[in-house]
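J.: Using only what follows, build the 3D model:
(one chain, ligands or ions: 1)
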Amino acid sequence: MKSPLTLYIGNYNYSSWSLRPWLVLTKAELPFNIEVIDLDIPGYKNKLLELSDAGTVPVLQVGEDKIPDSLAISEFAAKAVPNLWPKNAEDKQLARQVVEKMHTGFEAIRREAPMNLRRRTSLPMPQDCLDDAAEIDAMWCDLLGRHDGPFLFNDWSIADAFYAPVATRFASYDLPRSVRADTYISEIMSDPDFQDWEMMAFAEEHVLPETDAVNR
Ligand SMILES: N[C@@H](CCC(=O)N[C@@H](CS)C(=O)NCC(=O)O)C(=O)O
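T.: Down below sits the predicted model:
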């Protein structure tokens, strides 16, 4: 039977906001259909605006309803599968805080090191991007140090989904990191679900010239 859930996403290689709820729904084992919308080609914005007023992906269609926004989709999944957030109340609150921080902040690393899974470069990065990377590294080390790992709150949670695209940015742009952060990045990038997504990115032919042209 066709699932009533359809996740509209951008391109696998570039769409960091799409990767997050895709991981969440996949970990939740909620069956869903996928529709990819190629970004930055003529007419793509109209397609996005037909889906949501924000004109962005991801959007989750649930029957007749649509949920735009990666965090709202993740919260929808967590209603069905509560252990997508840490069980312990204090951890859960902290996990929400760090997810919110990613959802609204870290603008420099998002701007200067856009997710590009096929990219590997070691060119110098701007200082504000390095500052974001250092802050994220310290935050990961703090969270990992409070638990036994391998994930930010021990078991995999929505917090790991929100930082997975950041882990790939460290790898793509060779951002400086601590040994502990490097181990976490390897954990995220060797996760079988992440690797399924990455395989789709490697197989994808659609190119965003502006992102590929980021010259660092
Ligand atoms: N806050 C939104 C951000 C979504 C977003 O910016 N998505 C990008 C793709 S990764 C997008 O759709 N951009 C529209 C465009 O390029 O015109 C979320 O969390 O879902």
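
J.: tally of neighbours for residue 64?
T.: By the criterion of other Cβ atoms under 10 Å, residue 64 has 6 neighbours. Every C-beta, even on glycine, is put in place using the N, C-alpha and C of the backbone.

J.: With residue 94 instead?
T.: Neighbour tally, residue 94, other Cβ under 10 Å: 18.

J.: residues in contact with residue 187?
T.: Contacts for residue 187 were tallied using Cβ atoms under 8 Å, 6 or more residues apart in numbering; they are 149-151.

J.: Could you do residue 20 as well?
T.: For residue 20, the contact set (Cβ under 8 Å, 6+ apart) comprises 58, 70, 74, 161-162, 164-165.

J.: Residue 27 now?
T.: 84, 156, 161, 193.

J.: What are the boundaries of the strands in the chain?
T.: Ranges of strands in the chain, per DSSP state E, are 5-9, 33-36, 59-62, 65-68.

J.: and of these, who's closest to the ligand?
T.: Evaluated with Cβ to the nearest ligand atom, these place strand 65-68 nearest to the ligand, the distance being 6.6 Å.

J.: Contacts for that closest one, please.
T.: Here strand 65-68 has contacts from 51-54, 56, 58-61, 73, 76, using Cβ under 8 Å, 6+ apart.

J.: likewise stretch 94-102?
T.: Contact partners of stretch 94-102, identified using Cβ under 8 Å, 6+ apart, comprise 71, 74, 85-86, 139, 143, 152-153, 157-159, 162-163, 166.

J.: of those residues, closest to the ligand?
T.: Nearest to the ligand out of the contacts of stretch 94-102 is residue 71 (Cβ to the nearest ligand atom; 5.7 Å).

J.: Those residues of the chain touching the ligand, which are they?
T.: Within the chain, the positions adjacent to the ligand are 10, 15-18, 39, 45, 48, 56-58, 69-71, 103 by Cβ under 6 Å from any ligand atom.

J.: Stretch 54-71: which residues count as buried?
T.: 56-61, 67-71 (16 or more other Cβ atoms under 10 Å).
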